[in-house]
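>>> let me see the structure of the following:
(chains A and B)
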Amino acid sequence: MSRSALATLIGAALLILSLPAFAIFTEKPLADPEQEARAQHLMREFRCLVCQNQAISESHADLAGDMRAIVRERIAAGDDNDAVRQYFIDRYGDWVLLDPPLNRKTILLWAGGGVILLVGAGLIFIRMRRSTRSGALGQTALSEAEKAELERLMREQG
Amino acid sequence: MTDSAEQGGETPSRRRTRTGLLFALIPVAAFVVIGVFLFRGLSLDPSEIYSVLIDKPAPAFDLAPLPGKEHGLATSDLTQPVQLVNVFASWCVACRVEHPLLMELKRNGTVPIYGLNYKDQPQAALNWLRNFGDPYDRIGSDLNGRVGIDFGVYGVPETFIVNGEGIIVRKITGPITPQILQKELLPLIAEMQK
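Below is the predicted model:
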């Protein structure tokens, strides 16, 4: 076998082996291409509850397949995107969305980092202003006791 | 810093030491707060999803019985002061693990147990119950798993504790263990049956 034929064979074998990566599902798409596009888009938003860090659009889990079917059903029944999202939130909570929504429960998640940054910056700012106001380190006035002690030491030296 | 404190003979240097101490406490406090959260996290199972259905009415459903069985299962059957709705399937290995505990509850007449046969072949389910015993007072056959999804099911077995008003009080994801039974389930059932 010639070298180029071997290379072609290996290439073909690798391509076939990589097919599972394309995750082709043999599911019937919606008849309306616009609706199907919406469904596909939504499927990328929902978490597969079984495999947890995969979207249902790419999961082979049985439950993910059922959820894909429900997305198509809801859209075919005339639901808008928010209604489909709400359908799953009602059953599985906000966690079913891969992108967590901003609400009362997730406010700490969204704002926490910024708040800590602001508090830290504020503390540093206060500290810096205080140290510039009171001058360089050690340049504050001596107390009466310190003055007396200094006087005594100077006399001893002298 | 108040004037009265300064009138109390406090020198600026002493005041500075005190604010310095306060600043030094911030990292310690942050460490404690983070530590508490992380320590709590040790005992949490990240794969367990908190159910949004707790304290909400059980979803509306009406399922046919397994062939040859008398009773199916519907929302309107959830009328006892406390009942378990147990999601099971013959293909579910972990269901075998909790099954003896359900049989024990059945023998003792502790609480009515209703089965939600999730995405199972009816004949396989019937064989399973014949081989290992049937702890269920009623079984609904959820062939396409839609009622399971309405219950927020994602890992079989799951067990819902439902009160007399049809409200879901608690959910156990995964098999009921002897420890869960003794420490959580039995006290909760006794409390609700009062």
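>>> so where's the longest helix in the chain?
All of this is about chain A. Longest helix of chain A, by residue count under DSSP state H: helix A:107-133.
>>> please go with chain B instead
Across chain B, the longest stretch assigned as helix under DSSP H is helix B:12-42.
>>> what's the following helix or strand after that helix?
The helix or strand immediately downstream of helix B:12-42 is strand B:62-63, counting by DSSP states H and E.
>>> given that following strand, what are its sheet partners and their directions?
Sheet pairing of strand B:62-63 (DSSP bridges) gives strand B:73-74 (antiparallel).
>>> can you tell me what sits against the partner strand?
Here strand B:73-74 makes contact (CB atoms under 8 Å, 6 or more residues apart in numbering or on different chains) with B:Phe61, B:Asp62, B:Leu63, B:Pro65, B:Val85, B:Tyr114, B:Gly115, B:Leu116, B:Arg138, B:Ile139, B:Gly140. In this view, the C-beta of every residue, glycine as well, is placed from N, C-alpha and C.
>>> does the longest helix of chain A reach chain B?
Yes. Part of helix A:107-133 sits near chain B under the criterion CB under 8 Å from any CB of the partner chain, namely A:Leu123, A:Arg127, A:Arg130.
>>> tilt between that helix and helix B:12-42?
Interaxial angle, helix A:107-133 versus helix B:12-42 (axes from the mean of the first three to the mean of the last three CA atoms, to 10 degrees): 160 degrees.
>>> how about the most centrally placed residue in chain B, nearest residue that isn't a chain neighbour?
Centroid-nearest residue in chain B: B:Lys171, 2.5 Å away (criterion: CA atoms, centre = their mean). Of all residues not flanking B:Lys171 in the chain, B:Ser51 sits nearest, at 4.6 Å (CB to CB, 6 or more residues apart in numbering or on different chains).
>>> which ones are touching the one you found?
B:Ser51 makes contacts with A:Gly93, B:Gly152, B:Ile168, B:Lys171, B:Thr173, as judged by CB under 8 Å, 6+ apart.
>>> select from the residues you listed the one having the most neighbours.
When neighbours are counted by other CB atoms under 10 Å in any protein chain shown, B:Gly152 leads the contacts of B:Ser51 with 25 neighbours.
>>> where do the domain boundaries of chain A fall?
By the assignment in automatic domain parsing, chain A contains the domains A:3-96, A:107-157.
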